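Visitor: could you look at this predicted model? Sequence included:
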Amino acid sequence: MKPRAAAAAALLLAAVLLPACASTERPEGVVERWLISLNVGEAGQPERYAPDELSNRILPPPRDPNDLDVIEVGKGRIEGDTALVPYRVQVVDGPNLDGVARLTRTADGWRVVALLPRDPTLAVPSEGGRHVGGASATLWVISVVLALALCLLSAGLMALFGRPDATAATGSGTVDP
Amino acid sequence: MDEREPPAEPAADTAAEYAAEHAVDLDPSAHDPRYRRKLLWLLSVATFFEGYDTFVLALVLAPILADLGGTESQAGIVRAITSVGAVLGFLLAAQADRIGRKRLLLITIVGYTAGTFLTAIAVSLAWLTVAQFVAQVFLGAEWAVAVTIVVEEFPRQHRGRALGIVTSMNTLGGISVGLVAFVLGLFAFSGSFFEWRIFYVLGIVPLIMVAIGRRGMHETRRYAAVRASEAGAALDHTNIWEPWHPAYRRNVLAVGLMHFFRFAAVSAGAFWWPYYAQQEVGMSLSLTGIYLAVAGLLGAVGFLVAGRLMDRIGRRPTFLLYMALAGTFGVILFQTFDPLLMLPILCVAIFCGLGSACITSAFSTELFPTYVRSRAAAWCRNAFEIPGGIVGPLIVGLLGDHRTGPIGSIGDAMSVLFIVCIVPVLFIAWRYIPETRGVDLDAMDREAAA
C-alpha cells in the first residue's frame, strides 16, 4: 500500500473524529455527578450541583466514601429551562431512595433545585426506564468505517516504515512471515 | 564473581563459539529445573506488584484526597503525571541490553520499593505525585525485563507456559488489592494515619523477596554469552533506536501497533466496566466487586491457558482466537443490561482480553535477537502499549460522559472503541506478525552477529 493511502486514511480519521468532539450538557449527567460527589466522602463537592439542603436529604453528613451502594440515573425530560430526571440510590445498610430531581438551567449550566416524588412516566433503567445517551445507528456504521480506516493506516505505516525483507526473524530462517 | 558473568575481553567470535569454549550450555533446558522455578517465583513477584500498584491508587484515591487535600481534577492530574512515569520507564527498560537483565531487574525492584515507600510517607499531594511518578518509572521498566528473562531462560517448549504464569501474576496483583482492602477493613484502619498508607507500606514486600532471592539469581546465559563474544561485543548494545534498525523495524512497528490498539480497548474496558455496571446497569458497588473478583480470577486462568495453547498450537492462532473472542464479548458486554447475564460475558471478555497479554509479550521478545531484545520489548510495551492504555480510557470518558459526551453512554462508547480497535489488531496480527513458536534464538543471534 502506498503512503498516499495512509494519508487518506488519516484524513478520514480526522474527518470522523473531529465532529465527535462536539458536546452538549445533559441534566442527567449533572444529577449523576451530584450523587457521585455525595459518595466520595469529604472529597466530594455536592454544593457545585445542588444546595446542601437537598444533599442532606439524600445522605446527611458526615459522609464516608461508598456510603451509597447503588447510584442510578435514568433518561429525563427537558421542558424549556426545566428538566426532570429520575434517580435511585441505595444507602448501605439504609433505605432505598428514589424519585425525580428537578433542575433549572442557569448561566453555569444545569442545577438541581428540588426533589420530587416518583413519577410513573420517568423511571431508571433497572425499573424499565430509558438509558441516558446512546450511539445512533450512524455512529455504529462510522465505527466500522473507522476500524477499516485504522487497518488502512496500519498498512500504510507498515509500507512506509517496515521493509518486507531482511527481518531478523526471516533471516534466521526459523519463523514463517 | 558469577560463573556466567562475561569476561572483560571478548574471547570468541560468536556467542555460540564463546559458549562452546567456556562450556556454557545456551540451551535453557540445561538449567536446573529448581533454578527455573525459583526464577519464575522471583519474576512473578515483580509482575504481581506491577498489577497491585496499578489498582491501589484508584482504590485509595478518596481517602488520599481527604487526608492530603485535593480535588477530583487534581486527582486526575496526579493520575496523568504518574502515567507519564510509566511511559518514561522505557528509557530505563532499554538499559537491560547494556547493563544486563539481572542487574536491571534488581534496580527496578529496589527503585519501585523506594518510590512506593516514599508514597506511604507522603505529607502532601505534590510529594505523593513525585513518589508515584518514581515508582511508575521503575514499574514501567520491570515488565519488559521480566518477560525478556523468561524468553531467554526457559526452553522453547515451555516458554509460553512460563510467560503465562509470569504475566498472570499481574492480574492476580490487581485482584489482591480488593482482598487487601477487605482484610485491612477487619483491622479498623479507617480514619487512622495508616488508612491508605498501609497499602503502600505493603509495597516493600518485593524488596524482601529480592533480598532473599537475589543471591541465587544469575545473568541469563544467552545475554552473558552474547556480551562475551567478539561479534556480540561489536553490536550496538546502548542505542535506544537500535530496534528501529531496518532489520527489525518492521516487527517493532507491527507488534507495537498491535500492542497499542489491543491495550487501548482492553484497558478502557477494565477501567470503565465497574462504572458502567453501577451507573448504567444499576448494579450495586458490592455486586460489582464480587463480579470483578470472580472474573479476575478466571482472567488469571486465561493467561495460563493462553500459555499452554501458545506452546501447542502456536502464538498467532492463539492470539487471533483470543482477540476475536475478546472483541466479540467486549462489544456484547457493554450492551448487556441484565446483571445475571453480565457475569458469564464478563468472564469470557476478561479471560480472553487480559489473557492475550501473555501472547503479546511473546511477540515483543521472541522476534528479536538477544542483543536488542530488551529494548525492542521496551519499545513495544512502554512506547506503544502504555500510551494505548492512556488514550483508550480517555476517549471513552470523553465520548461517553453522561453530562457532556457526544455519545453520552459509557456502554456505547466502549462498544464503539472495541470495534474500532480490535479489528485493526486482528488485521495486523493476521497480516504482519510472524509465528514465533519454537523460534531458534541461537540462530537469530548468529544472524544478528553475521
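Guide: Happy to help now that I have it.
Visitor: could I get the contacting residues of the closest residue in space to residue A:129 that isn't next to it in sequence?
Guide: Nearest non-adjacent residue to residue A:129, counting by C-beta to C-beta, 6 or more residues apart in numbering or on different chains: residue A:123, 3.2 Å away. Every residue, glycine included, has its C-beta placed from N, CA and C. Taking C-beta atoms under 8 Å, 6 or more residues apart in numbering or on different chains, we find residue A:123 in contact with A:74, A:86, A:129.
Visitor: does stretch B:426-441 come close to chain A?
Guide: Yes: shown here: stretch B:426-441 in contact with chain A (C-beta under 8 Å from any C-beta of the partner chain) through B:427-428, B:431-432, B:434-436, B:438-440.
Visitor: how many neighbours does residue 76 have?
Guide: Just so you know, I chose chain A. Neighbour count of residue A:76, defined by other C-beta atoms under 10 Å in any protein chain shown: 24.
Visitor: right idea, wrong chain: chain B
Guide: The burial count assigned to residue B:76 is 11, neighbours taken as other C-beta under 10 Å.
Visitor: repeat for residue A:120
Guide: 5.
Visitor: and residue 19, what pLDDT?
Guide: Assuming you mean chain A. Per-residue confidence at residue A:19 stands at 55 (pLDDT).
Visitor: chain B is the one I meant
Guide: 53.
Visitor: next one: residue B:116
Guide: 91.
Visitor: what residues does the stretch 1-150 of chain B put near chain A?
Guide: Residues of the stretch 1-150 of chain B lying near chain A (C-beta under 8 Å from any C-beta): B:62-63, B:65-66, B:70-72.
Visitor: can we see that at 7 Å?
Guide: B:62-63, B:65-66 (C-beta under 7 Å from any C-beta of the partner chain).
Visitor: could you list the low-pLDDT ranges of chain A?
Guide: A:1-23, A:162-177 (pLDDT under 70).
Visitor: so it: which segments form each domain?
Guide: Structural domains annotated on chain A: A:27-127, A:131-160, as defined by automatic domain parsing.
Visitor: and the longest one, how far apart are its ends?
Guide: Pointing back at domain A:27-127 there. 20 Å (C-alpha to C-alpha, to the nearest Å).
Visitor: hmm, back to that, now the domains of chain A in CSV, with distance to residue B:207?
Guide: Below are the domains of chain A laid out as CSV (distance: least, C-beta to C-beta, whole Å):
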stretch, distance to residue B:207
domain A:27-127, 30
domain A:131-160, 41
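Visitor: mind checking the ones you listed for the one nearest to residue B:389?
Guide: With C-beta to C-beta as the measure, domain A:131-160 is the member of the domains of chain A nearest residue B:389 (17.2 Å).
Visitor: for chain A, what spans make up the helices?
Guide: Along chain A, the segments classed as helices by DSSP state H run A:3-20, A:27-38, A:52-58, A:137-161, A:168-172.
Visitor: need the residues that contact the second one.
Guide: Contacts of helix A:27-38 from elsewhere in the structure, counted by C-beta atoms under 7 Å, 6 or more residues apart in numbering or on different chains, are A:44-46, A:49-50, A:55, A:58-59, A:63, A:68, A:71, A:73, A:75-76, A:78, A:83, A:85, A:87, A:89, A:101, A:103, A:109-110, A:112, A:132, B:279, B:401-404.
Visitor: can you do 8 Å?
Guide: Everything outside helix A:27-38 that qualifies as a contact, by C-beta under 8 Å, 6+ apart, is A:44-46, A:48-50, A:55, A:58-59, A:63, A:67-68, A:71, A:73-76, A:78, A:83, A:85, A:87, A:89, A:101, A:103, A:109-112, A:132-133, B:279, B:401-404, B:408.
Visitor: got a list of contacts for the helix or strand where residue B:392 lies?
Guide: Using DSSP states H and E, residue B:392 falls within helix B:386-400. Residues from elsewhere that reach helix B:386-400, judged by C-beta under 8 Å, 6+ apart: A:20-21, A:133, B:80, B:83, B:86-87, B:89, B:140, B:259-268, B:271-272, B:405-414, B:416-417, B:421.
Visitor: please identify the helix or strand for residue B:407.
Guide: Taking DSSP H and E as the definition, one finds residue B:407 inside no helix or strand.
Visitor: buried ones from the residues of stretch B:426-441 next to chain A, can you make that a ChimeraX selection?
Guide: In ChimeraX syntax, the buried subset of these is picked out as below (16 or more other C-beta atoms under 10 Å in any protein chain shown):
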select /B:427,428,432,434,435,436,439
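Visitor: make sure residue B:253 is indeed in a helix.
Guide: Yes: under DSSP: H, G, I helix; E, B strand; the rest coil, residue B:253 falls within a helix.
Visitor: run a quick neighbour tally on it.
Guide: Neighbours of residue B:253 (other C-beta under 10 Å): 23.
Visitor: with the one 10 residues further on instead?
Guide: Using other C-beta under 10 Å, residue B:263 is surrounded by 27 other residues.
Visitor: right, I'll call it a day here.
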